[in-house]
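>>> Dropping a prediction and its sequence here:
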Amino acid sequence: MSAFLVIAAVGLGTYLLRASMFALVATKPLPRRAEAALGLVGPAAVAALVATLVLARSGSVDPGPAPELAAIAVGFVAVRRTGNVLHAFALGLPVFWVLSALAG
Amino acid sequence: MTALTRPRSVVEAGARTPFVEGARDIGPMALSVAPFGLAIGAAVGASSVPDLAGWAGGPLILAGSAQLTAVEMIDAGAAPAVTVLSALVLNVRILMYGAAMAPWFRHQRLSRRLLLAMPLIDQLFLVAAPRFERGDLDERGRQAYYVGAAALLVGTWVLAQTVGVVAGVGLPATWGLHLAAPLALAGLLAKSITGRPAAVAAAVAGLLAVVGAGLPHQSAVLVAALVGVAAGGVCARHAPERARS
């Protein structure tokens, strides 16, 4: 199978994941408990994704991503305090640069 | 219809249209995906995957982590079926976004809903869902807001990947561009935690994603997210009064 077909298959599968709920769920009222659970989807899925991207990108836990971890932590706290998502970059990236430079 | 009886549109009132508001609200996220897209484009250029095939993953998959996984696995010679499955498992979380987003468009025709599903991804969901929950947009306004946000996000994403592939730049790791996506998502996560159940869901999911990093086919994200949602739900049922604090 060519690389393009593999990429296209991932694209098609991803679209089906997206579209299935738009086709099935949209017109039916959800139980109250399900609605409450869906409100937790964003925080849970994004936390899992961020943790994976920073700490376990290779499929196993990376023991030494200290600058990345510190940058994410600082960015998270900055946005919690200010509510401005751009502050995640404004403070997180400099932390990464400084710690990376110190680590040599 | 006279000026007295005609309702003032948002334009006449000097307010932003929902389309423009959506684009404006997702602006920081669009900025954040640009370096990530650039880095993925450069990774495609540096891999054995044909540039066009790797680049096509930008608009076709519209999910950076899955695209990068697919490119890396193709480059490493992994079996096609395993590659597709691994990337899709990483994207199963989008199913949950779809379930949460679809009811906001319940009165649209099926064909239009299927179009609206196309750009759904973390950043779009995390910007649009809280905006819709404010309750001051009707379905037409929600659609305009969503499309405005999606247009800027997807446009930036594809443009950045195009530049990355074409320029073939060897982006220095010291710039930290690989951190752009996690930083943006961490910022959105910080804003999305509005109560104790959400905090519990995020903490449990983040921890489990790391603990379960070795799960087969990169299923840790999905498993962690599901358990996180369940944990947050338990928290909400047992401490509803504190959940709203």
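Alright, I've got the coordinates. Numbers count the residues shown, from 1 in each chain, chains lettered A, B, ... in the order given.

>>> To which secondary structure element type does the closest residue to residue B:139 other than its chain neighbours belong?
Nearest non-adjacent residue to residue B:139, counting by Cβ to Cβ, 6 or more residues apart in numbering or on different chains: residue B:107, 5.4 Å away. Every C-beta, even on glycine, is put in place using the N, C-alpha and C of the backbone. Assigned state for residue B:107: coil (three-state reduction, DSSP: H, G, I helix; E, B strand; the rest coil).

>>> what pLDDT does residue B:107 get?
Looking at residue B:107, its pLDDT is 91.

>>> What are the contacting residues of the one helix or strand residue A:20 maps to?
Using DSSP states H and E, residue A:20 sits within helix A:3-24. Here helix A:3-24 makes contact (Cβ atoms under 8 Å, 6 or more residues apart in numbering or on different chains) with B:49-50, B:52-54, B:56-57, B:60-63, B:66-67, B:70-71, B:74, B:80, B:83-84, B:87-88, B:91-92, B:94-95, B:97-99, B:101-102, B:105, B:110, B:113-114, B:116-118, B:120.

>>> Just the buried ones out of those, please.
Among those, those classed as buried by neighbour count (16 or more other Cβ atoms under 10 Å in any protein chain shown) are B:49, B:53-54, B:56-57, B:60-63, B:66-67, B:70-71, B:74, B:80, B:83-84, B:87-88, B:91-92, B:94-95, B:97-99, B:101-102, B:105, B:113-114, B:116-118, B:120.

>>> show me which of those neighbour chain A.
B:49, B:53-54, B:56-57, B:60-63, B:66-67, B:70-71, B:74, B:80, B:83-84, B:87-88, B:91-92, B:94-95, B:97-99, B:101-102, B:105, B:113-114, B:116-118, B:120 (Cβ under 8 Å from any Cβ of the partner chain).

>>> Mind checking which of the residues you listed are in helices?
Judged by DSSP state H, these include B:53-54, B:56-57, B:60-61, B:66-67, B:70-71, B:74, B:80, B:83-84, B:87-88, B:91, B:94-95, B:97-99, B:101, B:113-114, B:116-117 as members of helices.

>>> Run a quick neighbour tally on the residue nearest to residue B:139.
Neighbourhood size, residue B:107 [other Cβ atoms under 10 Å in any protein chain shown]: 13.

>>> do the same with the one 4 residues further on
Residues contacting residue B:111 under the criterion other Cβ under 10 Å number 8.

>>> Tell me the secondary structure at it.
Per three-state DSSP, residue B:111 ends up helix.

>>> Could you verify my assumption that residue B:210 touches residue A:55?
Yes: using Cβ atoms under 8 Å, residue B:210 is in contact with residue A:55, at 5.0 Å.

>>> So for these two, which sits in the more crowded spot?
Using other Cβ under 10 Å as the criterion, residue B:210 and residue A:55 rank with residue A:55 on top: 21 against 17.

>>> how much space between residue A:19 and residue B:61?
14 Å (Cβ to Cβ, to the nearest Å).

>>> The host helix or strand of residue B:29 - contacts with which helices or strands?
Using DSSP H and E, residue B:29 falls within helix B:27-46. Applying 3 or more Cβ pairs under 8 Å, 6 or more residues apart in numbering or on different chains; DSSP states H and E, one finds that helix B:27-46 contacts helix A:86-103, helix B:51-61, helix B:64-75, helix B:122-133, helix B:139-167, helix B:180-192.

>>> Dump that helix to PDB, restricted to CA.
C-alpha atoms of helix B:27-46 as PDB (Å, rounded to 0.1, in the frame of the first residue of the first chain):
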ATOM      1  CA  GLY B  27      -6.700  33.400  16.600                       C
ATOM      2  CA  PRO B  28      -4.300  32.400  19.400                       C
ATOM      3  CA  MET B  29      -4.900  28.700  18.600                       C
ATOM      4  CA  ALA B  30      -4.300  29.300  15.000                       C
ATOM      5  CA  LEU B  31      -1.000  31.000  15.900                       C
ATOM      6  CA  SER B  32      -0.100  28.100  18.000                       C
ATOM      7  CA  VAL B  33      -0.700  25.400  15.400                       C
ATOM      8  CA  ALA B  34       1.400  27.300  12.900                       C
ATOM      9  CA  PRO B  35       4.800  26.300  14.300                       C
ATOM     10  CA  PHE B  36       3.500  22.700  14.900                       C
ATOM     11  CA  GLY B  37       2.300  22.500  11.300                       C
ATOM     12  CA  LEU B  38       5.700  23.900  10.200                       C
ATOM     13  CA  ALA B  39       7.500  21.300  12.200                       C
ATOM     14  CA  ILE B  40       5.300  18.500  10.800                       C
ATOM     15  CA  GLY B  41       5.900  19.700   7.300                       C
ATOM     16  CA  ALA B  42       9.600  19.800   7.900                       C
ATOM     17  CA  ALA B  43       9.400  16.200   9.400                       C
ATOM     18  CA  VAL B  44       7.600  15.100   6.200                       C
ATOM     19  CA  GLY B  45      10.300  16.700   4.100                       C
ATOM     20  CA  ALA B  46      13.000  14.900   6.100                       C
END
